[in-house]
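Colleague: Need a 3D model of the sequence below.
(chains A and B)
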Protein chains: 2
Amino acid sequence: MARTASLSGFPEWLPEERMVELHVLDTLRRVFELHGFSSIETRAVETVGQLLRKGEIDKEVYGLSRLQDDEGAPAPDGATSHRSDPHALALHFDLTVPFARYVVENAGYLAFPFRRYQIQKVWRGERPQEGRAREFTQADIDIVGDGNLPFRYDVEIALVIAEALSALPIPDFLLRINNRKLAEGFYDGIGLTDTAGVLRSIDKLEKIGAAKVAELLRSELGATVEQAQLALKLASIRTGDTSFVAQVRALGVSNELLEEGLAELEQVIAAAVQRAPGKVVADLSIARGLDYYTGTVVETVLVGHEQLGSICSGGRYDALASKGNRTFPGVGLSIGVTRLVSRILSQDLAKATRSVPTAVLVALSSDDSWGAAQDVAAELRGRGIATEVAVKAEKFGKQIKFADRRGIPFVWFTDDEGKHQVKDIRSGEQVDADPASWAPAAEDLHVRILKA
Amino acid sequence: MARTASLSGFPEWLPEERMVELHVLDTLRRVFELHGFSSIETRAVETVGQLLRKGEIDKEVYGLSRLQDDEGAPAPDGATSHRSDPHALALHFDLTVPFARYVVENAGYLAFPFRRYQIQKVWRGERPQEGRAREFTQADIDIVGDGNLPFRYDVEIALVIAEALSALPIPDFLLRINNRKLAEGFYDGIGLTDTAGVLRSIDKLEKIGAAKVAELLRSELGATVEQAQLALKLASIRTGDTSFVAQVRALGVSNELLEEGLAELEQVIAAAVQRAPGKVVADLSIARGLDYYTGTVVETVLVGHEQLGSICSGGRYDALASKGNRTFPGVGLSIGVTRLVSRILSQDLAKATRSVPTAVLVALSSDDSWGAAQDVAAELRGRGIATEVAVKAEKFGKQIKFADRRGIPFVWFTDDEGKHQVKDIRSGEQVDADPASWAPAAEDLHVRILKA
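Modeller: Model (predicted):
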C-alpha cells in the first residue's frame, strides 16, 4: 500500500491487494452459508424518506440527482430538493435500513425466521480518516422473525460471527457484549429513569473518561453522586465468563428488566465460553450510542489495534421492521470489511502467494504453435489449472521472463515432436509432463492468502 | 418473479433468485480466473470531469451531493453545480471509463499486458424498460498493453467470452463480430470519407431498415445511390466462417485499411470456427454506435431473445487510456449480467435445486440438547455440509415441517442414548448416521442451478 487513493475516502486496491479482499469475502460467505444464511443484495439506492424514517439521522448521506436534470434552469424545488422531498433518491449508508425495507416488501415470499447475509458497499459523506472511508464494504448477517424471535438466535449469531472472524487472516479479536435490558433495568432500578440519556453518556466513556461521564450524569440527567457512581460501577464490569452476574448482583440493585437482561447475557457468555473460548467477553460498558437496539449489543476490537474502532457491531432489534400490526424482530451483526482489509494491507498482516490467478504460461515454440498451445491450455483449465498462452514466439528466455514478471510460477514447453515439459521457474526444475495428467503441487494450484 | 421492483429500474432478487445470480457471477469468475484474469474493483464514484472526458456523453449520469449540504441556503453554485464543476462526484455508468483511470493511476504497479476482470454495479438514469435497468451489474474482461497490444489478444478475448457464456444456464448465444478497420477502409475505398458518419447511419440498420439508412447516407453524407448500395451490401454480409472475406472482395473495393481489417477479422473467425463452433459469426452490420473502438467490435445476442438487445459487447480501443506520451491500447468485452439474470428469471430458464444453502436441520429432542446439537452441526459443517440447529424442542413433526417450509432436505435426530439418525424429508427415508462420516448425496451437498 504505497499508494494513496486518488479520491480521499474512496480506497481502491491493486490486484494483489484485491486478492486479500476476495479471500476475506469468500471466507465470510463460506462460513455464513455453512450456517444456512442466504445471500441477498438490495439496491444501492433508497428514497430519502426511507433513510430518514427513524427521524434524526447522524450519518452523512449522499443524495442523487441526474446530471441531465441540471441543464438549464434549476429544478423547481431548487438545491434543497433532497431533504425536503422524501421521494428523492440517496445512497444507502448501511445495510440494516435497506434490509428492513426488503423484509417488509417481500414478507410474503420469505420463510421466517429468515436468515440472510448481505455483502455490499455503503456510502457515507464523512470526513475520511484511518479506518473510516466514504465508500466501504460491509458484511452483515441477520436473523429476522415474524412476530417473535427466540433469544437463542442471539447466542447463535454471536457464535457464527466468532467462527467467521476466526477464519480470517487477522490478529486476535474480542467480541464485547452487553445487553440493553440489563443496563436500562439497572438504571431504572437506581432511579435514573431517562435510561436513553444515561446510555448516551455511558457511550462516551472511552472517549472522555469516567470523571467526565459522572459529571454529565449529574449535570444533564440530575443523577446524585451515588447514582452516577453506581452507573459507572456497572460499566466497569468486564468478565470473560459468567461471573459478571455475581458482580452485578453485588451492586444490590433489583429490577425485573435487569434480571431479564442478566439471564440473556449469561446465556450468550456461557455458550461462548464453551464454543468460542477467549473470543467473547461480557463488557457492561458497551452502549452502542443512538442505535435502536433493545437487548443484546455487540462491539468487536482487534487486539492490539483497538484504536481502529469496532470491526463488527450490532445487536437485537425488537422491531427491525413493521408492516401494519405485524412486527419483525431481528438480531444481526455487521463486519466492517474495508476497515479490516485496509488494516491487513497497511500492516502486511497477510499476503497472496502470487500476484495473478495464473499457474501456468504455455510458451510458444513458433508463432504457428498458438493453436496447439491453446489445446494444452484448455486441457489444463479443464482440470482447474489457471493457464495463459503466450502471444508471440519470442526466445524462451524472454517468455520465461514474461511469466516471472507477471508472477506465474510454471512455464510449459512443447517441442516440434509434441513432447511436453514444464518448468518451475522459481526452482528452475524442468520435468516431462502430460497435459492430461500433470498438476502443480496443491499449494501452487490456487493463489492462497497467508497470514504474516 | 411475481413481484415488481418497488423502485422502477432498480431490480432486487428474492433469495432463490439471488442464488441464480450468484451462480452466474461465480461461473464467470471461475472462467475468467482460469484464463489468468485478475479481479479488481474501482470505486463507484468518479469525478464528473473524468466521466465527461470524452466530450459528448450519451449516458444519463447520476450526480452526488451530500444531503447535509442541502440544509439552509443553496450551494453557492446552485443547482447546476454538477455539470459545471468537473470535481463534483457522480456514479460511474460503465466499467471502462473507471478502468482506464485505474490503469493510468496505477501503471507503475501493474505488469503489462494487464488482464483484469471487474464485476460491479453501474448506474444510468435512463427510462427503465425490459432489459434496461437504472442499476445493473456488468462483468467486464479487458487486456491492456503498455504502448502496444498484439492482435492475438482480440482472438483470445472472444474465445474466453464464448467459453464463459457457454458455461452459463442460458439459451444459445451468438457473438456477432465486425472490425472497424474493415468498415472504415471500405467506406474510404468507395469515396465516403466521413466514415464515422457512415458508421452512425449503419448502426441504425436494425432499428430503421435498409431503405431509410440508404436515405440517410444520401441526404446526410452526400452518398451517391451506388455508394449507399455498396455500404449496405457490405453491412448485409454475415457468415459463420471466413467466407466473408471472399464476399467482401467480390464487391471490388481496394483499400489498405480494409485489407488490414479483413485479415484481423479472418483471424478471429478462423479461431472461433475451430474453438467455439457455432458461437461466433462475422457480421458486417455491427457498428457499435458512438463508442470509440478502433478495430474489433462485438455484440452478442441470445438466440430466440434477440429483442433483449446485446448481452455482451465491446471491442478494441487503440488508446483505452493515455498518460503523457504513453498510451495503453486495450481489448475487452462486457457482459450485461443483470440483463441476463432478469431474462433467466422471468422466463424460468434456470432454477435453484433448493431455496436455502442449508442441507441439514439438526432437531432438538429437548431444549437442553441445543449444545449437543451444535456439536453435531459443527462436525457436519467441518466437512462442508451446511447445517442449521433448531432453536426449540417442538414436536418432531413440527421441526420437520419447519425444515420443509425452509426447503432444507435433511433432518437430523439424536435420541437420549446419543444414537443418531438422519431423515430425507422428501422421500421419508430415515437411516442411522454418524456425524463424523455421514454426507448427503453429492447432488444435495450444495445448491445447484439447473437449466430448465
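Colleague: what's the closest non-adjacent residue to A:Ala214?
Modeller: Leaving aside its chain neighbours, A:Ala214 sits nearest to A:Ala228 (4.4 Å; criterion: CB to CB, 6 or more residues apart in numbering or on different chains). Every residue, glycine included, has its C-beta placed from N, CA and C.
Colleague: So that neighbour versus A:Arg249, what's the distance?
Modeller: Using CB to CB, to the nearest Å, A:Ala228 is found at 20 Å from A:Arg249.
Colleague: Settle it for me: which of these two has more neighbours?
Modeller: Taking other CB atoms under 10 Å in any protein chain shown, A:Ala228 and A:Arg249 do not tie; A:Ala228 has more neighbours (22 against 13).
Colleague: gap between the residue nearest to A:Ala214 and A:Leu217?
Modeller: 4 Å.
Colleague: before we move on, back to that, the residue nearest to A:Ala214 against A:Lys212, yeah?
Modeller: No. With contact defined as CB atoms under 8 Å, A:Ala228 does not reach A:Lys212; the gap is 11.1 Å.
Colleague: so where do the helices sit in the stretch 201-350 of chain A?
Modeller: Chain-ordered helices for the stretch 201-350 of chain A, with DSSP state H, counting those that start in this stretch as the definition, fall at A:205-208, A:210-221, A:225-235, A:244-249, A:256-275, A:337-346.
Colleague: Pull the contacting residues for the residue nearest to A:Tyr293 when sequence neighbours are not counted.
Modeller: Leaving aside its chain neighbours, A:Tyr293 sits nearest to A:Gly315 (4.0 Å; criterion: CB to CB, 6+ apart). The contact partners of A:Gly315, taken as CB atoms under 8 Å, 6 or more residues apart in numbering or on different chains, are A:Arg180, A:Arg288, A:Asp291, A:Tyr293, A:Gly295, A:Thr296, A:Val297, A:Val298, A:Val331, A:Gly332, A:Leu333.
Colleague: Get me the contact residues on the stretch 151-300 of chain A for chain B.
Modeller: Contact residues, the stretch 151-300 of chain A versus chain B (CB under 8 Å from any CB of the partner chain): A:Arg152, A:Tyr153, A:Glu156, A:Leu159, A:Ala271, A:Gln274, A:Arg275.
Colleague: Let me see the confidence value for the last one.
Modeller: According to the prediction, A:Arg275 has pLDDT 96.
Colleague: Need the pLDDT of the closest residue to it other than its chain neighbours.
Modeller: In space, and not counting its chain neighbours, A:Arg275 is closest to A:Leu159: 5.5 Å by CB to CB, 6+ apart. You'll see A:Leu159 listed with a pLDDT of 98.
Colleague: What number of residues are in the vicinity of A:Leu159?
Modeller: Neighbours of A:Leu159 under the rule other CB under 10 Å: 21.
Colleague: Which is the succeeding secondary structure element to whichever strand or helix holds it?
Modeller: Taking DSSP states H and E as the criterion, A:Leu159 maps to helix A:152-166. Using DSSP H and E, the helix or strand that follows helix A:152-166 in sequence is strand A:173-179.
Colleague: from the chain's centre, how far out does that next one sit?
Modeller: 16 Å (CA atoms, centre = their mean, to the nearest Å).
Colleague: Quick one: list the elements packing against the helix or strand following that strand.
Modeller: Once the chain leaves strand A:173-179, the next helix or strand it forms, by DSSP H and E, is helix A:180-189. When contacts are defined as 3 or more CB pairs under 8 Å, 6 or more residues apart in numbering or on different chains; DSSP states H and E, helix A:180-189 sits against helix A:195-202, helix A:225-235, helix A:256-275.
Colleague: Next, the angle from the last one to strand A:173-179.
Modeller: Orientation check (axes from the mean of the first three to the mean of the last three CA atoms, to 10 degrees): helix A:256-275 against strand A:173-179 gives 160 degrees.
Colleague: and helix A:256-275, which residues are buried?
Modeller: A:257-262, A:264-269, A:271-272, A:275 (16 or more other CB atoms under 10 Å in any protein chain shown).
Colleague: before we move on, what about the second one?
Modeller: Buried residues in helix A:225-235, counted by 16+ other CB under 10 Å: A:Gln227, A:Ala228, A:Gln229, A:Leu230, A:Ala231, A:Leu232, A:Lys233, A:Leu234, A:Ala235.
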